[in-house]
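J.: Pasting a predicted model and its sequence here:
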Number of protein chains: 2
Amino acid sequence: MAMISPSRRLRRTPFSEGVEAAGVTGYTVYNRMLLPTVFRSVQEDYHHLKEAVQIWDVACERQVEVRGPDAGKLIQMLTPRDLRGMLPGQCYYMPVVDETGGMLNDPVVVKLAEDRWWISIADSDLLLWVKGVAYGYRLDVLVDEPDVSPLAVQGPKSDELMARVFGDGIRDLRFFRFGWYDFQGRGMVIARSGYSKQGGFEIYVEGGDIGMPLWNALMEAGEDLDVRAGCPNGIERVEGGLLSYGNDMTDDNTPHECGLGRFCNTATAIGCIGRDALLRVSVEGPVQQIRPIAIDAKTLPPCDRPWPLMAGTRKVGQVTSAAISPDFGGGVAIGMVRMTHWDAGTPLHLETPDGSFDAEVKEQFWI
Amino acid sequence: MAMISPSRRLRRTPFSEGVEAAGVTGYTVYNRMLLPTVFRSVQEDYHHLKEAVQIWDVACERQVEVRGPDAGKLIQMLTPRDLRGMLPGQCYYMPVVDETGGMLNDPVVVKLAEDRWWISIADSDLLLWVKGVAYGYRLDVLVDEPDVSPLAVQGPKSDELMARVFGDGIRDLRFFRFGWYDFQGRGMVIARSGYSKQGGFEIYVEGGDIGMPLWNALMEAGEDLDVRAGCPNGIERVEGGLLSYGNDMTDDNTPHECGLGRFCNTATAIGCIGRDALLRVSVEGPVQQIRPIAIDAKTLPPCDRPWPLMAGTRKVGQVTSAAISPDFGGGVAIGMVRMTHWDAGTPLHLETPDGSFDAEVKEQFWI
């Protein structure tokens, strides 16, 4: 492994100072911004996440803000999910597709008001697609990236920590709902959501100046809860089947291939740009789909490229995220598998740079 | 400094195997792809680049291919540079702007034919902007990212090395022109261009499978020329005033602020999306502009965020790329400076995380 070379282009965040003070040892780059990947070790971070509470700098979940009379129309153009029933105060996971039905991003969209939305994006410059479409259609909207940086609080002790800083009312917040809460006189959108299966919140911090005061307040309030700086965990997220855009899916894939068919209402999503392309697959289903894959391995190299999944000499899929699970034993992975071999229990072989391993399609992820 | 965590999302290139075998020690991420930054040390790589010849994996300069009857029309929509006189076989450096005149990218565009263009992009998902605009305007074009990975050959001995592999005819190629050359029966577009001031070529390698055979052929042919794996050098490119999108400019900046006014023909670039927004600044000039900045320093921290340029207590600009120059002595930097203080010889102070340094606006870069 090599070092990461710092430059302005790999943007720091309002929380970078806290991350560095906490002793970050690994980074990735996400939306051209630094995203921590390791503090003590991936394994130690993993156990702590499942037992206590962590503060995550996920400022790299940049927002695309869409405002104006045509905002709702534009958002519906982006996705095959029917948004007509969505109310202000709700968050929706929303596949975004291009005119061919290929995934451009898998954001969470936050409806602040009828004419004001945030798209909390995964790793692609979705801003450019939204701006291009808005310009081409001459829509009456403003589209930009606001100074909003999400900070996540994740782990079983999240409710306790958040209540100490934002008041007990936050315990009543329902999953994928958000509310406005006060911190030092500043209103903050807080949602019950996050990129782990351990429960928690995401705080949409508006204004970089309030970032470190909030970070420090959470760290101080949680000292006896063993709060630590953390980050999305490469083992826990695979166990939980949390997909990663760019890893487990790209613009080559439809939402249906990604197992996101339940978020598509292609028949009624009038105006969706990829609707024509997706109508047939939405009825007939895809020919390949994401599946949990168990690997009979004690160690695995880093999954830095797709690993072929073989049935004999025939390639029937690929694994794109993999880890050794301390809690479940052996290898856990996310793979894309052809229909002919995607039934639970199907035995396969996985080819990695460190050799071949026995693998098996599982019924469900490890949760 | 921290390690970079490997994942499929940080894409490998057709040349990664060669890069790793050559002992890469640092990476950045560019267009969601690995870009080497250091082999032996930035200083040792720098001296070698100026004396010999290097092979650079710049596959991260992804291509946006635009094909079809409306291709020329769409390309002209992207830029205030008037492209009417451009012939097939030419490459143009081309500022790309949005409807506000803000820079979205500063690519080199390659005109393969009247109806087929490659945009060789800097670090932003320009593909999404081009697709969005094409879709919104219902243009008769295909827009995608082809399997094309540039490999650069840079340094004073580039001509000699390239002639050994592609034949003596390549010595006659003019600056920013390209031709088709043969390697093992495969046609390759080769341009005289590159991200250094030491001379050289960029080979647009079509098809990942031919990547390592070409890499190895160049390495073998250049053994007595002391050919090495290299990469864009953080000192040499600042000395030479080669701008970096995301470092020295962002979508907050117009081309004129970036000193790219000579590539803008705003009056005649009919169809350019940002034309209205740029008409006034193209006549009156910008209020801030990129300048070479000399720093009175023996060491500098990595420039991982904008450093304020001060005139007394007043902020009059910022430095976004900086290095200590072995050949020219002291600090060399790229900064954006307000009109009131941009004249050559103006003394300023530079604020860095390691303290304040005397700085001065220079007449020209160090070439």
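T.: Okay, I see it.
J.: Near chain B, which residues of the stretch 251-367 of chain A are found?
T.: Proximity of the stretch 251-367 of chain A to chain B (C-beta under 8 Å from any C-beta of the partner chain) is limited to residues A:273, A:302-306, A:320-321. C-beta here means a position set from N, CA and C on the backbone, and glycine is covered the same way.
J.: List buried residues within the residues you listed.
T.: A:273, A:303-304, A:320-321 (16 or more other C-beta atoms under 10 Å in any protein chain shown).
J.: Redo the residues you listed as TSV? Include distance to B:Gly187.
T.: Shown next, in TSV, are these (distance: C-beta to C-beta, whole Å):
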residue	distance to B:Gly187
A:Ile273	36
A:Cys303	35
A:Asp304	31
A:Thr320	33
A:Ser321	37
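J.: Let me have those in TSV, extended by pLDDT and secondary structure.
T.: Shown next, in TSV, are those (pLDDT from 0 to 100; DSSP: H, G, I helix; E, B strand; the rest coil):
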residue	pLDDT	secondary structure
A:Ile273	97	coil
A:Cys303	98	coil
A:Asp304	97	coil
A:Thr320	98	strand
A:Ser321	98	strand
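J.: Now flag whichever of those residues is closest to B:Gly261.
T.: A:Ile273 (36.2 Å; C-beta to C-beta).
J.: The closest one against A:Glu99, yeah?
T.: Yes. At 5.4 Å, A:Ile273 counts as touching A:Glu99 under the criterion of C-beta atoms under 8 Å.
J.: between the two, what contacts are shared?
T.: B:Tyr135 (C-beta atoms under 8 Å, 6 or more residues apart in numbering or on different chains).
J.: if we can go back for a sec, of the residues of the stretch 251-367 of chain A next to chain B, which pair is most distant in space?
T.: Spatial extent of those (C-beta to C-beta) is set by the pair A:Ile273 and A:Pro302 at 35.5 Å.
J.: Residues in a beta bridge with the closest residue to A:Arg32 other than its chain neighbours, which ones?
T.: Leaving aside its chain neighbours, A:Arg32 sits nearest to A:Arg11 (5.9 Å; criterion: C-beta to C-beta, 6 or more residues apart in numbering or on different chains). In this entry, A:Arg11 is beta-bridged to A:Met33, by DSSP bridges.
J.: quick one, what contacts A:Arg11?
T.: A:32-34.
J.: one more time with 10 Å, if that's ok
T.: By C-beta atoms under 10 Å, 6 or more residues apart in numbering or on different chains, the contact list for A:Arg11 reads A:29, A:31-34, A:59-60, A:62, B:246, B:250, B:304-305.
J.: do A:Ala323 as well
T.: With the criterion set at C-beta under 10 Å, 6+ apart, A:Ala323 makes contact with A:42-43, A:46, A:233-239, A:295, A:300, A:302-303, A:331-334.
J.: ok, now A:Asp276?
T.: Contact partners of A:Asp276, counting by C-beta under 10 Å, 6+ apart, are A:99-101, A:266.
J.: quick one: which of the residues you listed is most hemmed in?
T.: A:Gly101 (27 neighbours; other C-beta atoms under 10 Å in any protein chain shown).
J.: I figured A:Asn216 hits A:Gly18, correct?
T.: Yes. Using C-beta atoms under 10 Å, A:Asn216 is in contact with A:Gly18, at 7.2 Å.
J.: between these two, who's got more neighbours?
T.: A direct count of neighbours by other C-beta under 10 Å for A:Asn216 and A:Gly18 places A:Gly18 higher, at 21 against 13.
J.: For the stretch 101-250 of chain A, which residue gets nearest to chain B?
T.: The stretch 101-250 of chain A approaches chain B most closely through A:Gly136 (1.2 Å), counting by C-beta to the nearest C-beta.
J.: Around that residue, count how many other residues there are.
T.: By other C-beta under 10 Å, the residues close to A:Gly136 number 18.
J.: Roughly how far does the closest residue to it other than its chain neighbours sit from B:Met77?
T.: Ranked by C-beta to C-beta, 6+ apart and with sequence neighbours excluded, the top spatial neighbour of A:Gly136 is B:Gly136, at 1.2 Å. Applying C-beta to C-beta, to the nearest Å, the value for B:Gly136 to B:Met77 is 11 Å.
J.: One more: A:Ile210?
T.: Relative to B:Met77, and taking C-beta to C-beta, A:Ile210 is found at 40 Å.
J.: the more surrounded of the two?
T.: B:Met77 (23 against 18).
J.: In contact with the residue lying closest to A:Gly241 once chain neighbours are set aside, which residues?
T.: Leaving aside its chain neighbours, A:Gly241 sits nearest to A:Phe365 (3.2 Å; criterion: C-beta to C-beta, 6+ apart). Going by C-beta under 10 Å, 6+ apart, A:Phe365 touches A:197, A:237-242, A:291-292, A:328, A:332, A:334.
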